[in-house]
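**Student:** Provided below are the primary sequence and the corresponding predicted coordinates.
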Amino acid sequence: MRGYGRAGSAVTVVNAFATGKGGAVGIDLWTEAKVKLVEDGISGSITVRGESFGDTRLVRAVVEVVRRATGEDFGIEFEISSEIPVGKGLKSSSAAANALVLAIYEALGIEIAPLEAIKLGVEAARLAGVTITGAFDDASASLLGGLCLTDNTRDELLKREEVEPEPVVLLIPEESIMTSSLKGMDFSGIAPYITEAFDMAMRGEWRKALVINGLVYSAFLGHPTEPIGTALRLGAIAGLSGKGPAFFALTREPEVLSEEWSRFGKTEITKLR
């Protein structure tokens with residue numbers, strides 16, 4: 001009657017806002033969910049980096065989606081603890097949905113394949129209104145790790161490959177941007193460039209793709225491009241994660257870039273997974 005689930009963060013290779021096709025790669029930050037089945041009701045706590053988070057829309061949507069998928073009627077007491085900051089573009093919602101789906105299925109004593117768990121989490125994210133495209137790319141990288149390239153219009157995994165655990169520097173500005181705030185924005189003007197970036201990623205040139213994606217989306221959404229420029233001058237590969245405002249970079253000298261980026265905001269060093 002109790003269950004546990006765990007899923008990770010990811011950073012963006014290609015953002016699917018403009019074309020419906022996107023990609024992400026897993027990083028080593030995690031969200032854990034513990035649940036206890038009860039007769040009815042949904043109650044519990046969400047803690048993000050030690051601070052309470054009060055928005056339970058996604059939790060309620062996950063419960064509703066799992067109820068429909070299993071035909072079971074239940075309530076839950078839940079406890080979600082996350083290392084992934086909210087509203088930064090680091091896939092916090094995808095990780096929470098994945099972890100909670102896994103936890104509830106374990107509590108129900110029902111096995112679920114990873115891709116099925118991902119699809120239920122995406123369905124819940126759509127129901128909760130915390131995504132524009134469904135974020136199947138983000139959810140796939142969150143649960144499966146590695147590089148995942150997807151067609152979010154069909155919830156289809158087009159390509160996945162393992163990655164080496166190389167260092168990643170995160171630049172996490174103080175401001176937060178909720179994905180729901182971008183609903184209705186017309187991304188068609190950047191679609192040709194993002195299509196090229198996605199095709200490049202499918203051909204194996206995902207590192208080049210993430211730089212192009214980061215520069216185009218940063219300019220379009222009004223984020224500064226200086227962090228990417230600074231990273232490129234130091235020999236790093238840098239991009240914008242999701243809708244931002246977080247940036248990330250792959251580099252062999254993470255301490256050097258972290259020091260340079262500290263003038264833009266808080267930095268952290270993690271790794272690909």
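**Tutor:** Noted; the coordinates are in hand. Just so it is clear, the model here is predicted, and its values are computed rather than measured. Numbers count the residues shown, from 1 in each chain.

**Student:** ok, for S92, nearest residue in space, not its chain neighbours?
**Tutor:** The shortest distance from S92 to any non-neighbouring residue, by Cβ to Cβ, 6 or more residues apart in numbering, is to I84 (4.2 Å). Where C-beta positions appear, they are placed from N, C-alpha and C, glycine not excepted.

**Student:** that neighbour touches S94, doesn't it?
**Tutor:** No. Judged on Cβ atoms under 8 Å, I84 makes no contact with S94 at a distance of 9.3 Å.

**Student:** which of those two has more neighbours?
**Tutor:** When I84 is set against S94 and neighbours are counted by other Cβ atoms under 10 Å, the residue ahead is S94, at 34 against 23.

**Student:** so G235 sits against T251, correct?
**Tutor:** Yes. Counting by Cβ under 8 Å, T251 is a contact partner of G235 at 7.0 Å.

**Student:** looking at those two, which one has more neighbours?
**Tutor:** When G235 and T251 are compared on other Cβ under 10 Å, the one with more neighbours turns out to be T251, at 21 against 12.

**Student:** check what pLDDT the more buried one gets.
**Tutor:** The score at T251 is 98. That number is its pLDDT.

**Student:** residue furthest from the geometric center of this protein?
**Tutor:** Seen from the C-alpha centroid of the chain, the residue lying at the greatest distance (Cα atoms, centre = their mean) is E39, 31.7 Å away.

**Student:** pretty sure E72 is one of the things that residue touches, is it not?
**Tutor:** No. Counting by Cβ under 8 Å, E39 stays clear of E72, with 11.8 Å between them.

**Student:** which one is R57 nearest to, not counting chain neighbours?
**Tutor:** Skipping the residues right next to it in sequence, R57 comes nearest to A128 by Cβ to Cβ, 6+ apart, at 4.3 Å.

**Student:** ditto for E79
**Tutor:** In this structure, E79 finds its nearest non-sequential neighbour in K34, 4.6 Å apart by Cβ to Cβ, 6+ apart.

**Student:** ok, back up a step: element containing the residue nearest to S92, please.
**Tutor:** No secondary structure element spans I84, as it lies outside all helices and strands (assigned by DSSP states H and E).

**Student:** which other residues reach stretch 189-202?
**Tutor:** Applying Cβ atoms under 8 Å, 6 or more residues apart in numbering, the external contacts of stretch 189-202 come out as 13-15, 18-19, 21-23, 147, 149, 158-159, 187, 206, 208-210, 212-213, 216-217, 220.
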